[in-house]
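Student: structure for this input, please:
(2 chains)
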Amino acid sequence: AQSVTQLDSHVSVSEGTPVLLRCNYSSSYSPSLFWYVQHPNKGLQLLLKYTSAATLVKGINGFEAEFKKSETSFHLTKPSAHMSDAAEYFCVVSEDPGNTGKLIFGQGTTLQVKP
Amino acid sequence: KAGVTQTPRYLIKTRGQQVTLSCSPISGHRSVSWYQQTPGQGLQFLFEYFSETQRNKGNFPGRFSGRQFSNSRSEMNVSTLELGDSALYLCASSVGQGAAGTQYFGPGTRLLVL
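Tutor: A predicted model of the protein is given here:
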């Protein structure tokens, strides 16, 4: 069965410093992996998506993630944090890329950005 | 294009009542999925519809049901509400079935059961 583990429930950085949000996955298939962001009282916004085309995936707002099969990881990074990046981030794996659209979410990482 | 819309945005019900939530997908999207978000359990898959057919169902009791109409709009119904049903219910739409189609989420309906 597919699963994702977000290794940190809370990450705090200073504005202008790099961001690293860690995610490990488990999948029986060649997975589709996603990062979504949720700002307070808002829905989920797609940051980026990996579907085996390239291991380094660039997303919106300067975020990127690298798929490492040997480490079963899909960590999210950003070179320089902005105050507006403060939100909850979810690493997500699709249950079965070819069959259904069921998404399996990690427990989320709250990103705090200090001035 | 307009995004995914969900109505109502907020709802207060009492135990034992039933509730119906509505989701209008992005124009041209034929797949709609529903998720429940709670502080304790996180985001959990409820069900997915494609072309009016339920394609997949999560591990929720039969009190949770849904349907999809020919225009791809979807509704979910929860009968005999329990306190634990208080949650943010999110709807997502995608062009096709499967995760090959990126899912776009609506703002959610926040349900409070008293």
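Student: in chain A, where is pLDDT below threshold?
Tutor: Along chain A, the parts satisfying pLDDT under 70 run over A:96-100.
Student: who's the residue in it positioned nearest to chain B bridged to?
Tutor: Nearest residue of chain A to chain B (C-beta to the nearest C-beta) works out as residue A:94 at 3.2 Å. Yep, even glycine has a C-beta here, placed from its N, CA and C like the rest. On the basis of DSSP bridges, residue A:94 is bridged to residue A:103.
Student: any low-confidence regions in chain B?
Tutor: In chain B, residues with pLDDT under 70: B:97-101.
Student: if we ignore the residues flanking it in sequence, what's nearest the most centrally placed residue in chain A?
Tutor: Central residue of chain A (C-alpha atoms, centre = their mean): residue A:35, 3.2 Å from the mean position. Distances taken as C-beta to C-beta, 6 or more residues apart in numbering or on different chains place residue A:47 nearest to residue A:35, at 4.3 Å, with adjacent residues excluded.
Student: and residue A:114, how many neighbours does it have?
Tutor: By the measure other C-beta atoms under 10 Å in any protein chain shown, the count of residues near residue A:114 is 11.
Student: might you report the residue contacts of it?
Tutor: A:12-15 (C-beta atoms under 8 Å, 6 or more residues apart in numbering or on different chains).
Student: repeat for residue A:108
Tutor: Contacts for residue A:108 (C-beta under 8 Å, 6+ apart) come out as A:6, A:9, A:38, A:88-90, B:42-43.
Student: element containing residue 91, please.
Tutor: Here I'm looking at chain A. Here residue A:91 sits within strand A:87-94, counting by DSSP states H and E.
Student: ah, no, chain B please
Tutor: Using DSSP H and E, residue B:91 sits in strand B:87-94.
Student: so that strand, near chain A or not?
Tutor: Yes - for strand B:87-94, a contact with chain A is found by C-beta under 8 Å from any C-beta of the partner chain, at B:90, B:92, B:94.
Student: kind regards, and thank you for your time.
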